[in-house]
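Peer 1: here are the coordinates; sequence isn't available:
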């Protein structure tokens, strides 16, 4: 059964009274709930016959016909050689391993999902947490440089919410210090930097096709790289470490994408540019409406990029806005615009990293935060004192 698309009630020409606002018991804005995440997939009849053929033949995995075709189309679309994986996390682990990370330190942002430092640790390296820029919420190149030591092997940037890192500055930094430059671009499929689609920057980039992403194949991910040797090694790692003749040069994993996910991806690509334009128009309209409200400030990507806006980060100054993020969440529920609140100070504060003495401890200057989000389902109760008391009244949040 298809979920009905939400529609919005006509907005009155005159300002609403207190009793008419959903937060105070008035009618909700939407007639059906606007879900936290509602992925859209192609109709079964657009690829069902090809999937039936795959089922009849038994060729449903092991880099079958449709996985190879999907990789060809991704390579053409993104403009960089691409290898698919069963999910983004596996792709990131293989990317790090293929780049030669097997120890030492890797600099990552303290403001990221736990998958980023977990992939570093899986490669027997230690994550070193660096601060982020307050405008973009991505890695601060100046702080990254201060974290570089003789043990540093790589910089692993994260394109938070689909906002691209400072690619040029991080690239110059990596070249000057002889480091690998890799990107966890899980939420950034479709983001453009200087007119180029994300995928071909740094030594390699990982993209996710998880159901929560702007480009979704149910599960899936990929590694993009112009480095032939790196990509060849990543492909071997995803197939138990086997080379083309079946011998194993190293211990690998099973990271192969299935045919059904590839078929969905092929169909999704056909309409993705149209969907991306609609997404950017929606983000522009929402930003224009939020910018006039006191106490709200928006994430500000660089002028050279067009983010895909997986989510829309908004910083709440609770004094100027009049509501903290948790009450904004309740207001959203009352209007049937579903949001989820959770406290995130920084990824480094998770217990797994507090136990690791070699991990740098960074208090993110603008991130003593409560996020109003579209992804989390429970509260994180991790607290670290802020190093910047001037910002302690600001609670960044994000939503659509």
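Peer 2: Received the coordinates, thanks. No experiment lies behind these values; they were computed from the predicted model shown.

Peer 1: How is this protein partitioned into domains?
Peer 2: Structural domains assigned to the chain are 18-38+271-399, 44-268, following automatic domain parsing.

Peer 1: Return the most buried member of those domains.
Peer 2: Mean neighbour counts were taken over these using mean count of other C-beta atoms under 10 Å, and the top value, a mean of 21, falls to domain 44-268. For glycine as for every other residue, the C-beta is placed from the backbone atoms N, C-alpha and C.

Peer 1: what distance separates the start and the end of it?
Peer 2: Its start and end residues considered, domain 44-268 measures 12 Å (C-alpha to C-alpha, to the nearest Å).

Peer 1: what do you get for stretch 151-170?
Peer 2: 18 Å.

Peer 1: Give me the mean pLDDT for that stretch.
Peer 2: For stretch 151-170, the mean per-residue pLDDT is 97.

Peer 1: ok now it, how far from the chain's centre?
Peer 2: 12 Å (C-alpha atoms, centre = their mean, to the nearest Å).

Peer 1: and what of stretch 88-103?
Peer 2: 17 Å.

Peer 1: Now residue 251: closest residue in space, sequence neighbours ignored.
Peer 2: Distance criterion C-beta to C-beta, 6 or more residues apart in numbering; nearest residue to residue 251, sequence neighbours excluded, is residue 241 at 5.5 Å.

Peer 1: dump the residue contacts of that neighbour.
Peer 2: Residues near residue 241 by C-beta atoms under 8 Å, 6 or more residues apart in numbering: 248, 249, 250, 251, 252, 253.

Peer 1: Which one of those is nearest to residue 264?
Peer 2: Nearest to residue 264 among these: residue 253, at 22.8 Å, using C-beta to C-beta.

Peer 1: Wait, the closest one touches residue 237, no?
Peer 2: Yes. Under the criterion of C-beta atoms under 8 Å, residue 253 makes contact with residue 237 at 6.4 Å.

Peer 1: and for these two, which residues touch both?
Peer 2: With C-beta under 8 Å, 6+ apart as the test, residue 253 and residue 237 both reach residue 94.

Peer 1: Please give the element, helix or strand, for residue 314.
Peer 2: Assigned by DSSP states H and E, residue 314 belongs to strand 312-317.

Peer 1: Show me what secondary structure element comes after that strand.
Peer 2: Next along from strand 312-317, by DSSP H and E: helix 318-321.

Peer 1: Please give me every residue in contact with the closest residue to residue 90 other than its chain neighbours.
Peer 2: In this structure, residue 90 finds its nearest non-sequential neighbour in residue 255, 4.2 Å apart by C-beta to C-beta, 6+ apart. When contacts are counted by C-beta under 8 Å, 6+ apart, residue 255 touches 85, 86, 87, 90, 91, 94, 237, 238, 239.

Peer 1: rerun that using 10 Å as the cut-off
Peer 2: Residues near residue 255 by C-beta atoms under 10 Å, 6 or more residues apart in numbering: 83-87, 89-91, 93-94, 221, 223, 234-235, 237-240.

Peer 1: Among these, which lie within strands?
Peer 2: 83, 84, 85, 221, 223 (DSSP state E).

Peer 1: which residues in the stretch 51-200 of the chain form helices?
Peer 2: 65-78, 88-98, 115-122, 141-147, 167-177 (DSSP state H, counting those that start in this stretch).

Peer 1: Next: the stretch 201-350 of the chain.
Peer 2: Using DSSP H, counting those that start in this stretch, helices in the stretch 201-350 of the chain cover 228-237, 259-290, 318-321, 325-334.

Peer 1: Ok, which of the helices of the stretch 51-200 of the chain comes nearest residue 301?
Peer 2: Nearest of these (C-beta to C-beta): helix 167-177, 11.9 Å.
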